[in-house]
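*Asks:* test case, fold it:
(one chain, ligands or ions: 1)
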Amino acid sequence: MATSRSQVVIVGAGAAGLLAALRLREAGLDCVLLEARRRGQWGSRYSLELDSGSVLNGVLPAPNPEALLHEGRFGADLCSPGRTHRQNVTPLPVFAVRLWKYQRQLLELVERVGVEVHFGCEVTNLGVDDRGHTVLSVLQAGVEVRMVADLAVLASGNNHRFDRELYAHFHLRRKILDREYLAAQHDLWEIDPASVAGNSPSPPGVVNYVIGNEGPISTLGFWVSPDQRMAGLLAGSLPVDGWRPPAELLKEARCGAVRFTRRLAGASGHIPVRRPIESLVAPGVALLGNSGCQVYPMTGCGMGLIGNAALLLAEASREYCREGRRLEHLWNYNHRYQSDFGARQAASQVFLEAIRCSPWGSGLVSRLFELGLSRPEDYLRSLDLGPVAPAPLEMMKRLPGALLLERDKGRYLFAAMGRAAALSQAYRHFYPRRPDGMKVRSFFARTASMGG
Ligand SMILES: Cc1cc2nc3c(=O)[nH]c(=O)nc-3n(C[C@H](O)[C@H](O)[C@H](O)COP(=O)(O)OP(=O)(O)OC[C@H]3O[C@@H](n4cnc5c(N)ncnc54)[C@H](O)[C@@H]3O)c2cc1C
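*Replies:* A predicted model of the protein is given here:
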């Protein structure tokens, strides 16, 4: 069997794999990027929002005009179920992009900096050789090839195929519950401009989000382009809890008076809405993107986190590969990610879980809107990956609304906020600084009860 060698092999050319390749190469490492799908079939056919902070501070490359769908300058309406209450955010600090075109743009950048990219190369196995190098079995056009690397970056998405190998050879536990995935679908449609007038839930250019129609953490987004020729539809729900799947929600959303003539693009997927995997690294391997559950649970946004994680990973990998593959160096990626972004994800997961199981059921979102307890600032803070709870002064302003809550339910909500804040602090101060599997397990055992 043919064997090839590289400093770093990246598995998967989704957003995570591409950003990792770009940053690792910029850090001076030799990288090979392997993608299972063939070039013609590759690319995620949905649109998504990049928080503008990540784009403007260079964490994510700025989307080129071909990839850009809109810049959010017309804003968004956030609505309670049935659109009974509405709040406006203008401008909405996002860049909405056609992901498949943005991926193509990233691919060009990656190839330009000299990364070898191979499509139609499926990694089928992962292990360690007797010198401690990572060994990957790769299937390319029916031929099996062996690749040996100092480091393998797994950016293979939600895929659970390597879980057993990760546990057996690297002692990495990647256990995700079904209810920790949000099902989501995004479609882009061509529409009849004559049918728009007065029929779209928000004016053209303004994104209309209904939160909580199909279970407390569901979303339905509807956007008509300013020229009224295109509509974007987004739905997210938790079918494991018995709620209708996104495809059904989108079908229903298309039954209004706006005439949908042709589907231009669209895709569905599952988004892990939880804290990151317990440890993102082991000797010779690192997890990135959905593979490491790097998504902010309250919004389902992963791109800003992936961009930040790729930068941290590149810095740590450079030291790891140059300094004799000492795990302490690679651990810096894990520790820095967990104690900063992991803290935010964990707090957000606690709050999301509390909403999911709230004693109000589906009535929660309406009640929060009605009492002024949910405000546009909360949405903006979530987009910025900020803290779950508002600042103390902001809390004071909401006190009159909070006092109108039924006492037991108010207590429930504030207890969830308290747990979220405590867990976030635990991640910030007590996530192990040095590689120690026992300490990581003990950290998770001790913080489990804070999750609620
Ligand atoms: C409908 C929807 C809407 C979303 N909206 C937003 C949003 O608005 N903002 C935001 O920030 N995030 C959003 N997200 C989340 C975001 O899309 C993800 O965080 C991000 O795309 C994850 O990228 P990834 O590279 O980790 O995984 P993926 O995109 O799944 O890429 C994994 C890649 O690995 C390849 N692969 C898998 N196994 C192998 C193998 N064995 N060998 C070789 N290659 C392999 C796959 O073919 C694939 O190309 C949304 C997700 C969905 C589904």
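*Asks:* run through who's touching the helix or strand hosting His329.
*Replies:* Here His329 sits within helix 327-337, counting by DSSP states H and E. The contact list for helix 327-337 (Cβ atoms under 8 Å, 6 or more residues apart in numbering) reads 151, 276, 279-283, 286, 294, 308-309, 312-313, 315-317, 319-320, 323, 431-435. Glycine gets a C-beta too; all of them are placed from N, C-alpha and C.
*Asks:* can you give me the buried ones in it?
*Replies:* Using 16 or more other Cβ atoms under 10 Å as the test for burial, helix 327-337 gives His329, Leu330, Trp331, Asn332, Tyr333, Asn334, His335, Arg336, Tyr337.
*Asks:* stretch 352-371 too?
*Replies:* For stretch 352-371, using 16+ other Cβ under 10 Å, the buried residues are 352-356, 358, 360, 364-369, 371.
*Asks:* what's the span of it, first residue to last?
*Replies:* End-to-end span of stretch 352-371 (Cα to Cα, to the nearest Å): 19 Å.
*Asks:* now the residue nearest the centre of the chain. Its backbone dihedrals?
*Replies:* Closest to where the C-alpha atoms of the chain average out (Cα atoms, centre = their mean) is Gly302, at 2.1 Å. Torsion angles at Gly302 (phi, psi; degrees, to the nearest 10) stand at phi -110, psi -20.
*Asks:* then Asp150?
*Replies:* Dihedral pair for Asp150: phi -70, psi -30, per degrees, to the nearest 10.
*Asks:* and it, how many neighbours?
*Replies:* Counted by other Cβ atoms under 10 Å, the residues lying close to Asp150 total 22.
*Asks:* next: His70.
*Replies:* If you count neighbours by other Cβ under 10 Å, His70 ends up with 20.
*Asks:* so which residues on the chain come close to the ligand?
*Replies:* Residues of the chain that fall close to the ligand, judged by Cβ under 6 Å from any ligand atom: 11-17, 34-37, 44, 46, 48-49, 122-123, 155-157, 159, 184-186, 269, 271, 289-291, 295, 300-303.
*Asks:* in contact with the residue nearest to the centre of the chain, which residues are there?
*Replies:* Gly302 makes contacts with Ala15, Ile271, Gly289, Asn290, Gln294, Val295, Tyr296, as judged by Cβ under 8 Å, 6+ apart.
*Asks:* one more pass at 10 Å, please.
*Replies:* Counting by Cβ atoms under 10 Å, 6 or more residues apart in numbering, Gly302 touches 14-16, 48, 271-272, 289-290, 293-296, 309.
*Asks:* how close does it sit to Ile355?
*Replies:* According to Cβ to Cβ, to the nearest Å, Gly302 and Ile355 sit 20 Å apart.
*Asks:* swap in Asn334?
*Replies:* 29 Å.
*Asks:* hang on, Ala27 packs against Val115?
*Replies:* No. With contact defined as Cβ atoms under 10 Å, Ala27 does not count as touching Val115 (11.9 Å).
*Asks:* can you pull the contacts of Thr84?
*Replies:* Per Cβ under 10 Å, 6+ apart, neighbours of Thr84: Val365, Ser366, Phe369, Glu370.
*Asks:* per-residue pLDDT, the second one?
*Replies:* With respect to pLDDT, Ser366 has a value of 88.
*Asks:* which SS state does it fall under?
*Replies:* Ser366 falls in the helix class when you classify it by DSSP: H, G, I helix; E, B strand; the rest coil.
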